[in-house]
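>>> fold the following for me, if possible:
(one chain, ligands or ions: 1)
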Amino acid sequence: MHFPKVPFKLGLYPVVDSVLWIERLLNVGVRTLQLRIKHSTIDEKRDAVRHAIALAKKFDARLFINDEWQLAIEYQAYGVHLGQEDLLEADLSAIAKAGLRLGVSTHSDVEIERVLPIKPSYIALGPVFATQTKEMAMPPQGITKIAEHVAKLSTIPTVAIGGISIKRAEDVLQTGVGSIAVVSAITQATDWRSAVTAFQQLITKQR
Ligand code: 3NM
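Residues are numbered from 1 along each chain as shown. All right, here's what the predicted structure looks like:
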């Protein structure tokens, strides 16, 4: 299995649940994104995935589709993002054969060991902090543990996720992680545009 590479530092990586958010973020210069839709019918998902992929292509952006790997292949997304359970069910060789990148979620040393043989395009490490956005079976790992993972995974692009606010982003970036993935720090912000700018500035400063 051979998944195409992604840039070693993917930068700011918002995870959003609608085409509207994809469009907003593309328009302010975000170029790595994930569409993560959980509570919709299959037809709604198909429409959103198709539309989001078409938009991302226009902006030459890296759009990862969460879970819906068949739709991602059908509409030729940049990549797919899978959780530990989805990994067991997805046809990874079909994803690789279609030329899509693969990002995977991990929450512990054991989960990292489990995904390494797959040689994913990037490994997400989470949750860094407690998060209100997703019910997590695993406790927050904290900055020190994330830094340890990043050091061990020195040849694989990494993404930190979970409870990352602008205030905490600087510490997270100091672990050397290639990217920070955020949901609420952007979608629940009183001024989401300023939030995006603040994250982008921190990331540029760390490079
Ligand atoms: N995955 P927020 S944490 C979607 O650890 C997701 O795998 C996580 O949302 C993981 O930035 C998470 O609002 C939610 O905390 C992140």
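>>> what residues are up against the residue of the chain found nearest the ligand?
When distances are taken as CB to the nearest ligand atom, the chain reaches nearest to the ligand at Gly126, 2.3 Å away. Quick note: C-beta positions are derived from backbone N, CA and C, even for glycine. Going by CB atoms under 8 Å, 6 or more residues apart in numbering, Gly126 touches Ser105, Thr106, His107, Met136, Gln141, Ala160, Ile161, Gly162, Ala181.
>>> now the fifth one, nearest residue through space, not along the chain?
Nearest in space to Gln141, with sequence neighbours left out and distances taken as CB to CB, 6 or more residues apart in numbering, is Val128 at 6.2 Å.
>>> just confirm the one you found contacts Thr144, I think it does.
No: distance between Val128 and Thr144: 10.5 Å, which falls outside the contact criterion (CB atoms under 8 Å).
>>> neighbour count for these two, which is higher?
For Val128 against Thr144, the residue with the higher neighbour count under other CB atoms under 10 Å is Val128, and the figures read 24 against 8.
>>> the more buried one falls within a strand, correct?
No: counting by DSSP: H, G, I helix; E, B strand; the rest coil, one finds Val128 to be coil, located in no strand.
>>> so who does it touch?
Pro140, Gln141, Gly142, Ile143, Ile146, Ala160, Ile161, Gly162, Gly163, Ile164, Arg168, Val172.
>>> in helices only, show me these.
Judged by DSSP state H, the subset of these located in helices is Gly142, Ile143, Ile146, Arg168, Val172.
>>> with adjacent residues omitted, what lies nearest to the fourth one?
Ranked by CB to CB, 6+ apart and with sequence neighbours excluded, the top spatial neighbour of Arg168 is Phe129, at 6.5 Å.
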